[in-house]
Each structure stands twice: as structure tokens, then as C-alpha cells.
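Visitor: sharing a model prediction with you, sequence too.
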Amino acid sequence: MFDVEMTKHLAELSKLTFTEEELKKVTAEMTDIIALMDRVKEIDPALETYALPAVRYDELRRDTARESLDTDKIVKNAKAVKDNAFAVPKVV
């Protein structure tokens, strides 16, 4: 399915260089990955199998309004403050 020539082609497109031994190893790994992907495609997406139980909407924490934190306390230990907000260096 996945051969050394395809691996060489992908390596060239990716600007990667491999020794012959590395090419064989990468080819084997890619073959394993493709085989795994083929197995995953066989799974019926209609099956509802989850690692964690689904949470019902009414079981979630309620969103309740509460008093916010005091701005002066928040920026008290900041190195630099501008207009009641943290001042940070410009990043381009």
C-alpha cells in the first residue's frame, strides 16, 4: 500500500532527507498508520460510544450573576498598568 517511492516523494515535498534504512522504517510506520486509519473508517459513526458519559443540560452548573473583582486589586501587583489594564509589550 505505502511503498518506499511514495515515502521518498513525500520526503522530497516536505524537504526531508532520509537514509535508506530510515526510509524503510518510515515506510513501515506510514503503512501502519494507513492501516490504522482504514480500521477507524470501519467504525459505524451511528454507534454512540463515548469514553465519558454524556452530560445533560440540566446537570450543568447554573450561570449565576455575581459581583466582579475589584480592578485595583487585580492590577495591584502588575509590572505595568495602563487605563486600569495590564500593559504588555507590543508583539508583532
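Guide: Looks like it arrived, so ask away.
Visitor: give the contact list for the residue sitting furthest away from the middle of the chain.
Guide: Distance from the C-alpha centroid of the chain, by Cα atoms, centre = their mean, peaks at Asp72 (36.1 Å). Asp72 makes contact with Asn84 under the criterion Cβ atoms under 8 Å, 6 or more residues apart in numbering. Where you see a C-beta, it was placed from the backbone N, CA and C, and this is true even at glycine.
Visitor: in the helix or strand hosting it, which residues are buried?
Guide: If you go by DSSP states H and E, Asp72 is part of helix 71-75. For helix 71-75, the neighbour count (16 or more other Cβ atoms under 10 Å) marks no residue as buried.
Visitor: can you give me the helices in this protein?
Guide: Counting by DSSP state H, the chain has helices at residues 4-13, 20-41, 71-75.
Visitor: chain center to the last one: distance?
Guide: Put plainly, it is helix 71-75. Its chain's average C-alpha position is 33 Å from that of helix 71-75, according to Cα atoms, centre = their mean, to the nearest Å.
Visitor: tell me where the model's unsure across the chain.
Guide: 1, 48-59 (pLDDT under 70).
Visitor: if you set the cut-off to 80 instead, what comes out?
Guide: For the chain, the stretches with pLDDT under 80 are 1, 43-62.
Visitor: redo the helices of the chain as TSV? Include distance to Leu60.
Guide: Formatted as TSV, these follow (distance: least, Cβ to Cβ, whole Å):
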stretch	distance to Leu60
helix 4-13	45
helix 20-41	30
helix 71-75	27
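Visitor: out of those, which gets nearest to Phe86?
Guide: Smallest distance to Phe86 across the helices of the chain (Cβ to Cβ): 6.5 Å, for helix 71-75.
Visitor: and Asp63, how many neighbours?
Guide: Residues lying near Asp63 (other Cβ atoms under 10 Å) number 5.
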